[in-house]
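Enquirer: heads up, no residue letters with this:
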């Protein structure tokens, strides 16, 4: 197996913990930057539960666990899986991990994350994004449950996949993760929002409900469809065609999830910040910047901003 060098995993919650564990179990040198869960991890270890394999449990052996970035030091790769609500503090948090040749991978939700990393650490670096089409929950500080493994779609910031990025993608594949590669990152981002915008958002504003309840309620199902169509039009304004069959597929994929709680709903129910600006606000801002009318998304964004612990930022100016 080809190693990708020393890797820091920042924000090892559900997504970061799962993929970091898969890479570590495959033999990659992964240094996990735990914060609030650090002592739980030291005491209990880090465990994966694979529902698709009859709830098989797997412990990450020889775990490199840290609670301060300076304990890890400069890395070949830094993988950012923290919530986007922490993006304004990200540069300070991960600065000790960054060297002159450090490459970056974001596994975060929404839009604007690769641009944030480029602004913080320079656009000349290899900056890769991985869009995680999956169902993963962290059910306790040391247990991560994979309900539906799905796949990760990779795209590189401002260019096609280079050799360094290809090596990291290969590391994921070798670790047993299904992968896809996007020729254009923005297309992949818009496509993922076709699911995230309606299902994450409606699960919150409809009263803290699971995805199956959205599907079975005619009004909520229609609203989800209308939101997807607005995302489709927003993408089209940037030259990205999302076929209607792809929208239909989002409903088909959600059916077998059952009573699934999207990640934003889990944050909301726990009283944690919700990634309102990166998922809903940025898509709305970009669409409106091209003159696209997005009334359903604007309404949902405003509802979320007013009802969640979103961020210290005001409502994004969408009056372009």
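Expert: Okay, I see it. Since the structure is predicted, the reported quantities are computational estimates derived from the model, not experimental observations.
Enquirer: find me the pLDDT at the residue in the chain sticking out farthest from the centre, would you?
Expert: If you look at how far each residue of the chain sits from its centre, by C-alpha atoms, centre = their mean, the farthest one is residue 218, at 28.3 Å. For residue 218, the pLDDT comes out at 98.
Enquirer: with residue 313 instead?
Expert: 42.
Enquirer: residues making contact with the host helix or strand of residue 245?
Expert: In this assignment (DSSP states H and E), residue 245 forms part of helix 244-254. Residues from elsewhere that reach helix 244-254 (C-beta atoms under 8 Å, 6 or more residues apart in numbering): 191, 194-195, 199, 211, 214-215, 221, 224-225, 228-229, 232, 260. Any C-beta I mention is one placed from the backbone N, CA and C, and that applies to glycine too.
Enquirer: what's the following helix or strand after that helix?
Expert: helix 263-269.
Enquirer: now list the buried members of the contacts of helix 244-254.
Expert: Neighbour counting with 16 or more other C-beta atoms under 10 Å marks 191, 194-195, 199, 211, 214-215, 221, 224-225, 228-229, 232, 260 as buried within the contacts of helix 244-254.
Enquirer: would you turn those residues into CSV with distance to residue 130 and pLDDT?
Expert: Below are the buried ones among the contacts of helix 244-254 laid out as CSV (distance: C-beta to C-beta, whole Å; pLDDT from 0 to 100):
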residue, distance to residue 130, pLDDT
191, 14, 95
194, 18, 98
195, 16, 97
199, 20, 98
211, 22, 97
214, 26, 98
215, 27, 98
221, 29, 98
224, 25, 98
225, 27, 98
228, 22, 98
229, 27, 98
232, 23, 98
260, 21, 93
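Enquirer: strands along the stretch 151-300 of the chain, start to end?
Expert: 179-181 (DSSP state E, counting those that start in this stretch).
Enquirer: and what of the stretch 1-150 of the chain?
Expert: 6-10, 29-33, 47-50, 56-59, 64-66, 77-80, 103-106, 127-140, 143-156.
Enquirer: just list the residues touching residue 236, thanks.
Expert: Neighbouring residues of residue 236 by C-beta under 8 Å, 6+ apart: residue 242.
Enquirer: ok, so what distance separates it from residue 284?
Expert: Using C-beta to C-beta, to the nearest Å, residue 236 is found at 15 Å from residue 284.
Enquirer: so where is the stretch 51-200 of the chain shaky, pLDDT-wise?
Expert: Low-confidence segments of the stretch 51-200 of the chain (pLDDT under 70): none present.
Enquirer: if we go to 90?
Expert: Within the stretch 51-200 of the chain, the ranges that satisfy pLDDT under 90 run 135, 148-150, 159, 183.
Enquirer: over to the stretch 201-320 of the chain?
Expert: 308-320.
Enquirer: 80 instead, please
Expert: 309-320 (pLDDT under 80).
Enquirer: about what we covered before: between the contacts of helix 244-254, which is closest to residue 43?
Expert: Closest to residue 43 out of the contacts of helix 244-254 is residue 260 (29.2 Å), distances taken as C-beta to C-beta.
Enquirer: thought the closest one was touching residue 213?
Expert: No - using C-beta atoms under 8 Å, residue 260 makes no contact with residue 213, being 10.1 Å away.
Enquirer: just give me the neighbour total for the closest residue to residue 91 other than its chain neighbours.
Expert: Leaving aside its chain neighbours, residue 91 sits nearest to residue 120 (4.1 Å; criterion: C-beta to C-beta, 6 or more residues apart in numbering). Residues within reach of residue 120, counting by other C-beta atoms under 10 Å, total 15.
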